Structure formats: C-alpha cells, structure tokens
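Undergrad: Sharing a model prediction with you, sequence too.
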Amino acid sequence: QFPFGRRLPCDIYWHGVSFHDNDIFSGQVNKFPGMTEMVRKITLSRAVRTMQDLFPLEYNFYPRSWILPEEFPLFVDEVRMMKDSDPSWKPTFIVKPDGGCQGDGIYLIKDPSDIRLTGSSQSRPAVVQEYICKPLLVDKLKFDIRLYVLLKSLEPLEIYIAKDGLSRFCTEPYQEPTLKNLHQVFMHLTNYSLNIHSGNFIHSDNVNTGSKRTFSSILCRLSSRGADVKKLWSDIISLVIKTIIALTPELKVYYQSDIPAGKPGPTCFQILGFDILLMKNLKPMLLEVNANPSMRIEHEQELSPGVFENVPSPVDEEVKVAVIRDTLRLVDPQKKKR
Ligand code: ADP
C-alpha cells in the first residue's frame, strides 16, 4: 500500500482499478490511461468494426454486432435482408448492456422485435451480436477461455500472452438455442459468477476437472483427440494481436494527453483478460476484453447456510501467480537498466 504522504517515487505502481494519478513522474504504472473506456462493450465493438470494414477477412474473429439503441433500425433491416436472401438462416442474438460484466443483464433473442427497448433499465446502451450457436463442447458443456495478455508497451507495440489460462464451464449440458431454452443461463453463459450459483457447479481440486480448469488441460484433451493445437494457438495469437492493433490508435491519443512526450511521467503496462470462445471447428472468437481481470486465487465456500470461508483455488493459483510473476519479471526496472 502506498502510504498517504509518501514522497519517494516507486519503481512500479500497481493500481487496483484504473490509471488515475496525475502526479506520478517516473517508474511504471500497471494501467494505461483510457484502457477501461476502450474495452467497454460498445467502444470495443466500434474499434473492431472499423477494422472489419477495412480488413473483413482478417477481422472475422468477432461476431457481427450492432450498437443499441442507435443502430436498432439498421439491425432490423440487415437481419431482414439476410433472412430474405437465405430463408434457412435461423439466427439467435445475444444482447449485452454496455458496461455490464459477469453476465449482468445479458439475454438471448431469436428476433430483433424481442429486444427490450422500453423501460428505463433496458433502454440503456447495449451491444447486440450474433450468438455463436455451435461452440466446441467438452463433456457436453459449453466453456470459454480466459487468457491473460500483457501489453508491455504501446510504442513500440509489445505484447506477451500467458501460455496458460482458465477455461470456465457452463453447468448444464449445452443445446443449440431454441425458444424453450433461451433463458437457461447455466446452459448458454459461461460466467463463473453465474454458474457458481448452480447446484451442478464443481469446485476444481485439480487443473483438469470441475467447472474451472486450466486451458492447457483442455489443449491436452484436444490434442489427444487429434486436434491441431499448434494452429489453434497461432489463431489465438493473431486474434490477440489484431484486437490490440484495433485499440491502439485511440489508446495512443489517451496516452499522449495524459503523459505527453518529453515531459516527466511514468511508462505504462497492463494485464488484460481476453475472453475467447472456441467454435466447434476450433476457430477462436473474441467475446470481450477485460481491463481489470480478477486476480483472486481463492474462492468462497459455504460451510453452513450463510457461513462463508475463503479457500484456496488451485486452478486460479496455478495460472494467476505465474501471470503476475512473469509480468513483474518483464517490467523489472533492474533488468531494464542492465
Ligand atoms: P460479461 O462481461 O457480462 O461477462 P460477455 O460478453 O463476456 O459479457 O458475455 C457473457 C457470456 O455470454 C460469455 O462468457 C459467453 O459464455 C456468452 N456469450 C457472449 N457472447 C456470445 C456470443 N456472441 N455467442 C455465444 N456466446 C456468447
């Protein structure tokens, strides 16, 4: 903790949430100015869409998205046109409130007319996107991947991707969306914060079972089934790099206005949480980027009704301790001097 009134500068400043100090003149700060704003659902969608317009094939790892409420008419028109040209297309869409997290306020719809545009809380800005109906399943369950990415520098662009991440599982066997199961969050949403409330949630006592596993344990499974894991990694790496490239121009504007070149100020680095969904054909799709990924290595356990205790979570510990350790090694000021 930085004691109030301390004047001596530090080598590394580790903020809990976002970059907010204007009086740090040296050292390294673990947040970039503007990052929280840039990875909000709407801003991220806009930044990726700009690149999709320029390089459609390179940026096909992000589901087709519309920004609400402003693009609601466009959403209705485009869906109608696509349905007219392909009557067999039976899409599902996912609506996500801007600034929401942990699955908060998310719902699935089959038709644009199902969007809840009226009512105060529902009319808040949101992203609606094509729902990926055929995710890769393991043990019949949908899961997503949380990967930790260190943005070490914007100029020159330096990105490191942690070799292991987390796989977060749903707790109800997956079925493709139908009007009957659309509302079943334990089947469609992989958020830990939701699934923990399912009676089927299994706290993992090792890295390759339970509702939260290491990504490497999934890769092992896939590789034993004959999947091309090398190609998968290379697709994931290019997804990460291209996403950061899409964010870079605006991040540089934020950076230059907060830390103008030539004036004393810190340099920045940041650990980002990338949420990725694998499709059945092993294509990785970007779901979202988290500027402030949880670094908790414990979880709460209910000992008796209403009595909770924090217990170590071996899977979180295995992945996250390595991420923090390697980050500190990479930004180590002593090493820089050498
Ligand atoms: P939040 O920030 O609230 O967690 P996400 O964008 O990560 O919002 O979405 C929550 C969950 O919904 C994801 O973890 C994933 O399981 C599911 N999901 C999100 N977008 C899609 C999509 N386009 N297709 C299929 N599933 C999705």
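TA: Alright, I've got the coordinates.
Undergrad: Write out the residues of this structure neighbouring the ligand.
TA: Neighbours of the ligand within the chain, by C-beta under 6 Å from any ligand atom: 63, 94, 96, 100-104, 106, 129, 131-132, 144, 189-191, 275, 277, 287-288. (Glycine included, C-beta is placed from N, CA and C.)
Undergrad: List only those of those residues flagged as buried.
TA: In terms of neighbour count (16 or more other C-beta atoms under 10 Å), the buried residues within the residues of the chain next to the ligand are 63, 94, 96, 101, 103, 106, 129, 131-132, 144, 189-191, 275, 277, 287-288.
Undergrad: So which elements touch the biggest helix by length in the chain?
TA: Across the chain, the longest stretch assigned as helix under DSSP state H is helix 229-258. Here helix 229-258 touches helix 35-38, helix 41-54, strand 141-153, strand 158-161, helix 215-224, strand 270-278, strand 284-290, going by 3 or more C-beta pairs under 8 Å, 6 or more residues apart in numbering; DSSP states H and E.
Undergrad: now do 7 Å
TA: Under the contact criterion of 3 or more C-beta pairs under 7 Å, 6 or more residues apart in numbering; DSSP states H and E, helix 229-258 touches helix 35-38, helix 41-54, strand 158-161, helix 215-224, strand 270-278, strand 284-290.
Undergrad: if we look at the second one, which residues are touching it?
TA: If I follow you right, that is helix 41-54. Applying C-beta atoms under 7 Å, 6 or more residues apart in numbering, the external contacts of helix 41-54 come out as 37-38, 59, 62, 65, 67, 96, 98, 125, 127, 243, 246-247, 250, 288-289.
Undergrad: same thing with the first one?
TA: Contact with helix 35-38 is made by 18, 43, 47, 247, 250-251, 270, 291, as judged by C-beta under 7 Å, 6+ apart.
Undergrad: same check, this time on the fifth one
TA: Defining contact as C-beta under 7 Å, 6+ apart, one finds that strand 270-278 is touched by 30-32, 35, 132, 135-136, 144-151, 236, 239-240, 284-291, 293, 323, 327.
Undergrad: what about Leu25, neighbour count?
TA: One thing to correct before we go on: residue 25 is Phe, not Leu. Residues within reach of Phe25, counting by other C-beta atoms under 10 Å, total 12.
Undergrad: give me the residue from the stretch 201-338 of the chain nearest the ligand.
TA: In the stretch 201-338 of the chain, the residue that lies nearest the ligand is Glu288 (4.2 Å; C-beta to the nearest ligand atom).
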